[in-house]
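Chemist: Requesting a structural model of the entry that follows:
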Amino acid sequence: MTFDRSLILRRGSRTVEILWLGRATPMATSSSSSPTKSHRHGDALHGWTPFMGDSYPYEWIQTLDAAEKLDFHSVLGGHGDVMHGKLRFELWKQYFQDLMDRTAAVYAEGAPSTKPKKTVSAFLTKKYAGPIRPQLP
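Modeler: This next block holds a predicted model:
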């Protein structure tokens with residue numbers, strides 16, 4: 001079954017709403033919710049640093065923006081524990097922005113291809129190693 005922007009599935013008294021909010025990782029661009037909309041799940045928000053080799057980091061920020069505007073209290077991401085509240089959205093949007101900005105700056109300086117991985121990784125680890133960890137309830 002495919003859909004363009006949204007799909008609503010009903011079975012008896014249960015309803016699930018599936019939304020396409022934009023690209024993040026190729027297999028993780030939808031979000032779904034129950035009728036109460038108190039929780040969401042999808043793979044755009046993680047409990048720790050995701051594999052990004054085939055992702056869309058700039059669009060991922062926009063996808064997180066769209067998801068953050070929805071009405072919910074908890075998120076079950078693609079990996080990690082249940083996340084409560086919306087604080088992780090800002091953290092991840094800043095992480096992706098820093099990743100893209102730092103990588104572009106290092107390449108603009110004419111660095112050899114091995115330098116960006118080392119310098120950007122060191123910067124991100126220093127800034128985000130503490131905040132990006134499984135969230136406890």
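Chemist: State which strand of the protein is the longest.
Modeler: strand 14-25 (DSSP state E).
Chemist: Tell me the strands beside that strand, with direction?
Modeler: strand 6-11 (antiparallel), strand 28-33 (antiparallel) (DSSP bridges).
Chemist: So for the last one, mean pLDDT?
Modeler: Computed over strand 28-33, the mean pLDDT rounds to 56.
Chemist: same question, the first one
Modeler: Within the predicted structure, the mean pLDDT of strand 6-11 is 87.
Chemist: what about the closest residue to D65 other than its chain neighbours, which SS state?
Modeler: Nearest in space to D65, with sequence neighbours left out and distances taken as Cβ to Cβ, 6 or more residues apart in numbering, is K93 at 7.0 Å. In short, each C-beta sits where N, CA and C put it, glycine included. At K93 the chain is in helix, as set by DSSP: H, G, I helix; E, B strand; the rest coil.
Chemist: wait, what's in contact with K93?
Modeler: 61, 64-65 (Cβ atoms under 8 Å, 6 or more residues apart in numbering).
Chemist: separation between it and I61?
Modeler: To I61, K93 is 5 Å away according to Cβ to Cβ, to the nearest Å.
Chemist: now do V75
Modeler: On the measure of Cβ to Cβ, V75 and I61 end up 16 Å apart.
Chemist: This protein: strands as residue ranges?
Modeler: In the chain, strands defined by DSSP E lie at 6-11, 14-25, 28-33, 39-41, 74-76, 82-84, listed in chain order.
Chemist: can you tell which of these is closest to K127?
Modeler: strand 82-84 (19.5 Å; Cβ to Cβ).
Chemist: The closest one - contacts with which helices or strands?
Modeler: Where contact means 3 or more Cβ pairs under 8 Å, 6 or more residues apart in numbering; DSSP states H and E, strand 82-84 is packed against strand 74-76.
Chemist: Distance from the chain centre to the strand it packs on, please.
Modeler: Chain-centre distance of strand 74-76: 12 Å, with Cα atoms, centre = their mean, to the nearest Å.
Chemist: count of neighbours near the residue lying closest to I8 once chain neighbours are set aside?
Modeler: Nearest residue to I8 in three dimensions, chain neighbours excluded: E17, at 5.3 Å (Cβ to Cβ, 6+ apart). E17 has 17 neighbours, counted by other Cβ atoms under 10 Å.
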